[in-house]
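>>> for reference, the sequence and a predicted model appear below.
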Amino acid sequence: MLWSIILSFAASVDAAPQTTPIKGPGSNSLIRFGCSQVVIERLDPLVNPGVNPSPHLHQVVGGNAFNASIPSTDVSSLASCTTCTFSDDFSNYWTANLYFKARNGTYKRVPQIPNRFFEGEQGGVTVYYLSPGKNTVTAFKPGFRMLFGDSMRREKLGSGLKSQSCFRCFTGPNFKGDDYSPCADPKLDTEEFPHGPCLGGIRSNIHFPTCWDGERLDTPNHQDHVAYPVGGPSSFATTGECPSTHPIKIPQLMLEIVWDTTAFNNPDDWPEDGSQPFVLSTGDNTGYGQHADYVFGWKGDALQRLMDNACFGNTCTGVETQEFAEANKCSVPNTVDEVTEGWLEQLPGDGSGA
């Protein structure tokens, strides 16, 4: 998204009393950087550690320590390279892949395209970390990991989780329609998949919790050690008061993926009833099962310095960066012998949401 949009939004947030807007340059930090794909594979070291293959396909970015299992240790000491442009970030971030289901019942993986300003990125994810100012958030610790979402969910819960997970339907080329902050557009952002063709593609946004219990680096469901603010999930570029059970404010982490659905907009290829044709690699044709996994792997205190030093964008004094030409050299070898590309009779793993 355009930085001018980020700034104008942050400056105009009509925040609740417990919410602190993050305003970009100044005492706040808002970093945004790209990570190319390190592998597309049916592995999930968080939910299905040691299982090869895991039930459904993921697109993974970050360090090359990604494997069927990742030890609960300092991941930056296990990896030798990263696909992220902050070269001290050896974390791994992963989500389900998106597929198009044609009228004849076959599937094809929807490619990802570089986000705005990230030419040279290969597939991948745009990563955001946000802090309202110096000494206001505690960076994640070695061994920390968390999961957002439920891959088995297929319906709206209560009033919905749109502020945490959404899809933006771009109305034309070059990110047309990108006029609101993530998940805030009343028309183009939806918690479920868009119901009609998106002429410029579809963007996923996922907001992780911003509060930590201060003790556990992980929990059996990978969620109970973190929480959202007492007033509910914060909007993009805002933070809220943490509950007493999870009193430690952590950086706001958001992932952004741009899916190039433009090759699949022919209505003759859509279901005869006109229903939307996209499915996650879990078999979810609703979008409610969008989820994301995070294994922390920043080197030393690099992330804490980024959060404390009023950093903005994809550079910051004293933290190493690299060009995509270098980041794209980093990869993880595939260990699952299966076809994931081209037209498929069924989803890899048969689309299990587990």
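Cool, got the structure.

>>> by mean pLDDT, which helix or strand of this structure comes out lowest?
In the chain, no helix or strand scores lower on mean pLDDT, DSSP states H and E than strand 19-21, which sits at a mean of 36.

>>> tell me the mean pLDDT for the helix or strand following that strand?
Moving toward the C-terminus from strand 19-21, the next helix or strand (DSSP states H and E) is strand 29-35. For strand 29-35, mean pLDDT is 95.

>>> list the helices and strands strand 29-35 packs on?
For strand 29-35, the packing partners by 3 or more CB pairs under 8 Å, 6 or more residues apart in numbering; DSSP states H and E come out as strand 125-131, helix 302-308, strand 312-313. The way it works is simple: take the backbone N, C-alpha and C, and place the C-beta from them, glycine included.

>>> winner for burial among those?
Mean neighbour count (mean count of other CB atoms under 10 Å) peaks for strand 125-131 among the helices and strands packed on strand 29-35, with a mean of 25.

>>> mind listing the helices for this protein?
Counting by DSSP state H, residue ranges of the helices within the chain are 3-12, 302-308, 324-327.

>>> pretty sure Cys166 sits against Tyr180.
No - between Cys166 and Tyr180 there is no contact under CB atoms under 8 Å: 10.6 Å.

>>> need the overlap of contacts for these two.
Residues touching both Cys166 and Tyr180 by CB atoms under 8 Å, 6 or more residues apart in numbering: Asp189.

>>> which one's more surrounded, those two?
Set Cys166 next to Tyr180 and count neighbours by other CB atoms under 10 Å: Cys166 wins out with 24 against 17.

>>> return the member of the helices of the chain having the minimum mean pLDDT.
The stretch with the lowest mean pLDDT among the helices of the chain is helix 3-12, at a mean of 40.

>>> residue ranges in the protein under the pLDDT threshold?
The chain contains residues with pLDDT under 70 at 1-26, 234-235, 237-238.

>>> ok, the spatially most central residue of it to Val279 distance?
Nearest to the geometric centre of the chain sits Leu255, at 2.6 Å (CA atoms, centre = their mean). According to CB to CB, to the nearest Å, Leu255 and Val279 sit 19 Å apart.

>>> repeat for Glu192
Distance from Glu192 to Val279, counting by CB to CB: 12 Å.

>>> list the contacts for the closest residue to Thr106 other than its chain neighbours?
Closest residue in space to Thr106, ignoring its immediate chain neighbours: Trp343 at 4.7 Å, by CB to CB, 6 or more residues apart in numbering. Trp343 sits next to 102, 106-108 when contact means CB under 8 Å, 6+ apart.

>>> which one (most neighbours) among the residues you listed?
Counting by other CB under 10 Å, top hit in these: Tyr107 with 21 neighbours.

>>> how close does that one sit to Ser204?
Taking CB to CB, one finds Tyr107 at 18 Å from Ser204.
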